[in-house]
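In: make a model of this:
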Amino acid sequence: MYSNEHHISDLLSKLYQQNNLSSVVDVYQVRSAYNEVVGELIAKLTQSLRFESGILYVRLLSAALRHEMTLRKQNLIDRINQHLGRPAVEEIVFQ
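Out: Numbers count the residues shown, from 1 in each chain. A predicted model of the protein is given here:
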């Protein structure tokens, strides 16, 4: 065993931080987790997703769906964070 062994995840994390790619990776991971959590039908009714500073901005095509998602907001936050394995999403804003 070598004394300079590192986990690949540690090396990637350091690489992302050094090259300011952490936020890009977060955006991709949050978008992917959102699509997994809400399912294919709601993902198709989602016009756009934006993730900045812990806030996920979701533009939906239906006012009725926006109302329903607003009622389930905390559950969605919890499920997305659980899917990610870390508390990345602090708030969701439905537009």
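In: looks like residue 77 contacts residue 92 (just checking).
Out: Yes: if you go by C-beta atoms under 8 Å, residue 77 and residue 92 touch, sitting 6.0 Å apart. In short, each C-beta sits where N, CA and C put it, glycine included.
In: need the residue closest to the centroid of the protein.
Out: Central residue of the chain (C-alpha atoms, centre = their mean): residue 30, 1.4 Å from the mean position.
In: part of a helix, is that residue?
Out: Yes: Residue 30: assigned to a helix according to DSSP: H, G, I helix; E, B strand; the rest coil.
In: pLDDT at it, what is it?
Out: Looking at residue 30, its pLDDT is 92.
In: the residue lying closest to it once chain neighbours are set aside in helix, strand or coil?
Out: Among residues not flanking residue 30 along the chain, residue 51 sits closest, at 4.5 Å (C-beta to C-beta, 6 or more residues apart in numbering). With three-state DSSP as the basis, residue 51 sits in strand.
In: tell me how many other residues surround residue 51.
Out: Neighbour count for residue 51, taken as other C-beta atoms under 10 Å: 20.
In: who's in contact with it?
Out: Contacts of residue 51 were listed using C-beta atoms under 8 Å, 6 or more residues apart in numbering, and they are 26, 27, 30, 31, 57, 89.
In: 7 Å instead?
Out: Neighbour list for residue 51: 26, 27, 30, 31 [criterion: C-beta atoms under 7 Å, 6 or more residues apart in numbering].
In: of these - the most surrounded one?
Out: residue 30 (21 neighbours).
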